[in-house]
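**Student:** Okay, here's the prediction I keep looking at, along with the sequence it came from:
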Amino acid sequence: MFCVDGLTGFRQAIEAAFPNAQIHRCIIHQIRSSTRFLLLSVDLLCVCVKLSASIVMISFQI
């Protein structure tokens, strides 16, 4: 299992060397990408709470 930050070429390099590997995007980088354009700290907090709830639901397949 690999956790990558989405840079170009990582997925292809890993798949070439380890064809059966599971590749996931780093959750921190997903959150940073999602919150990059938020200006107010209240908006940021609301989005982060919703993101973390979504991540929990996805992780446990709720």
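**Tutor:** That came in fine, so what should we check first?
**Student:** separation between the spatially closest residue to Gln22 that is not a sequence neighbour and Asp43?
**Tutor:** Spatial nearest neighbour of Gln22, chain neighbours left out: Met1 (4.6 Å); criterion: C-beta to C-beta, 6 or more residues apart in numbering. Bear in mind the C-beta positions are built from the backbone N, C-alpha and C, glycine included. Remark: distance between Met1 and Asp43 (C-beta to C-beta, to the nearest Å) = 33 Å.
**Student:** Which one's more surrounded, the two?
**Tutor:** Asp43 (12 against 7; other C-beta atoms under 10 Å).
**Student:** you'd agree the more buried one is in a helix?
**Tutor:** Yes. Asp43: assigned to a helix according to DSSP: H, G, I helix; E, B strand; the rest coil.
**Student:** What distance do you get for it to Ile31?
**Tutor:** As it turns out, when the distance is counted by C-beta to C-beta, Asp43 lies 14 Å from Ile31.
**Student:** who's in contact with Ile31?
**Tutor:** The neighbours of Ile31, taking C-beta atoms under 8 Å, 6 or more residues apart in numbering as the test, are Cys48, Leu51.
**Student:** For it, pull up the helix or strand it's in.
**Tutor:** helix 27-35 (DSSP states H and E).
**Student:** Many thanks, we can stop here.
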